[in-house]
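[1] with the input below, show me the fold.
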Amino acid sequence: MTYVVTDACIKCKYMDCVEVCPVDCFYEGENMLVINPNECIDCGVCEPECPAEAILPDTEADTDKWVELNSKYSAAWPNITVKKESPEDADEYKGMEGKFEKFFSPEPGEGD
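    The predicted model follows:
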């Protein structure tokens, strides 16, 4: 089992999860984070820290595409281990449906 970040993170990027991760398995894209499934130790401490409820265990229904996306982009994006400020308009996007189709960016973030 591993945890994955879903599209609920897109344009929110709160980063509370980064701060609590004991193995630094988060990677930063331009407008979302992902978890490297091979580095995640399945401890689950990140899940309750996410205000957007964007982190799920891969045992939840319909997470296959998120496992694939997290795997792909954690290999391409820089590691993030330090919490940064969330975007100023993050709360406007919290809970919005269809964010992947509307806003996903494959571009990397800055990382640490």
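
[2] and the helices in the protein, which stretches?
    In the chain, the helices defined using DSSP state H lie at 16-20, 64-74, 90-93, 99-103.

[3] what packs against the last one?
    Put plainly, it is helix 99-103. Helices and strands touching helix 99-103, as assessed by 3 or more Cβ pairs under 8 Å, 6 or more residues apart in numbering; DSSP states H and E, are absent. Quick note: C-beta positions are derived from backbone N, CA and C, even for glycine.

[4] can I get that helix in CSV, CA atoms only?
    This file holds the C-alpha atoms of helix 99-103, laid out as CSV (Å, rounded to 0.1, in the frame of the first residue of the first chain):
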residue,chain,number,x,y,z
LYS,A,99,-9.6,20.4,-11.5
PHE,A,100,-7.4,17.9,-13.3
GLU,A,101,-9.1,18.5,-16.6
LYS,A,102,-9.2,22.3,-16.1
PHE,A,103,-5.9,23.1,-14.4
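
[5] ok, the closest residue to Glu53 other than its chain neighbours to Gly109 distance?
    Distances taken as Cβ to Cβ, 6 or more residues apart in numbering place Ala8 nearest to Glu53, at 5.9 Å, with adjacent residues excluded. Distance, Ala8 to Gly109, using Cβ to Cβ, to the nearest Å: 17 Å.

[6] give me the more crowded residue out of the two.
    More neighbours surround Ala8 than the other of Ala8 and Gly109, with 22 against 17 (other Cβ atoms under 10 Å).

[7] isn't the more buried one right up against Ala54?
    Yes - under the criterion of Cβ atoms under 8 Å, Ala8 makes contact with Ala54 at 3.6 Å.

[8] what segments of this structure are strands?
    3-5, 26-28, 33-35, 55-57 (DSSP state E).

[9] mind putting those into CSV with mean neighbour count?
    CSV is the format used below for the strands of the chain (neighbours: other Cβ atoms under 10 Å):
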stretch, mean neighbour count
strand 3-5, 26
strand 26-28, 25
strand 33-35, 26
strand 55-57, 19
